[in-house]
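K.L.:
with the input below, show me the fold.
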Amino acid sequence: MYIYAKDAGSGKQLPVTGQTIVHTADDDGSYQTGNDVPSTRFLDNGDGTVTDNMTGLMWVKNANAIGTLHSGFDADGRVTWQNALTFVSEVNNGTYDCGITSVYTDWRLPTVCELKILTNYSQSAPYTWLKNHGFTAVFFLLIN
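P.N.:
Numbers count the residues shown, from 1 in each chain. Model prediction:
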């Protein structure tokens, strides 16, 4: 999933996992911390972006903007890390469009942790869950 994130607020919070059984020391069952997922997890900003009310991150709605809008960066469905960095840098300097109407110049690649929090693993089809929340061009990528 090639989604680009930008900080959109100070609400960077981790969701509660719901694990209550302690399987090993210091796991989620031990701490049972986190914040309840907001009733409205994602806010459509009406400009091609969505804000995650759980984390405060803003995402481009087109989860594969690099592949669907600028396929030269995409080789056989895979984008190299360097190509992704170059693409984000060139979106920020105005060279490339990522399908949004507003002009933002501080996009960055999300961390693996941010992608994991974005995905709802309690759903049998996490990619469908994201599509149901306004994202397009989403495909599931297992993140280890």
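K.L.:
where does pLDDT dip in this structure?
P.N.:
In the predicted model, the chain carries pLDDT under 70 at residues 1-20, 26-38, 75, 77, 121, 140-144.
K.L.:
residue at max distance from the center of it?
P.N.:
The C-alpha centroid of the chain is most remote from A25, which lies 29.8 Å away (CA atoms, centre = their mean).
K.L.:
how about T40, what does it touch?
P.N.:
Shown in contact with T40 (CB atoms under 8 Å, 6 or more residues apart in numbering): N53. Just so you know, the C-beta spots here come from the backbone N, C-alpha and C atoms, and that holds for glycine as well.
K.L.:
correct me if wrong, but it is in a strand.
P.N.:
No. Counting by DSSP: H, G, I helix; E, B strand; the rest coil, T40 is not found in a strand; it is coil.
K.L.:
what's the separation between it and D106?
P.N.:
24 Å (CB to CB, to the nearest Å).
K.L.:
how about N92?
P.N.:
Counting by CB to CB, the gap from N92 to D106 is 7 Å.
K.L.:
more neighbours, the two?
P.N.:
N92 (17 against 9; other CB atoms under 10 Å).
K.L.:
noted, bye for now.
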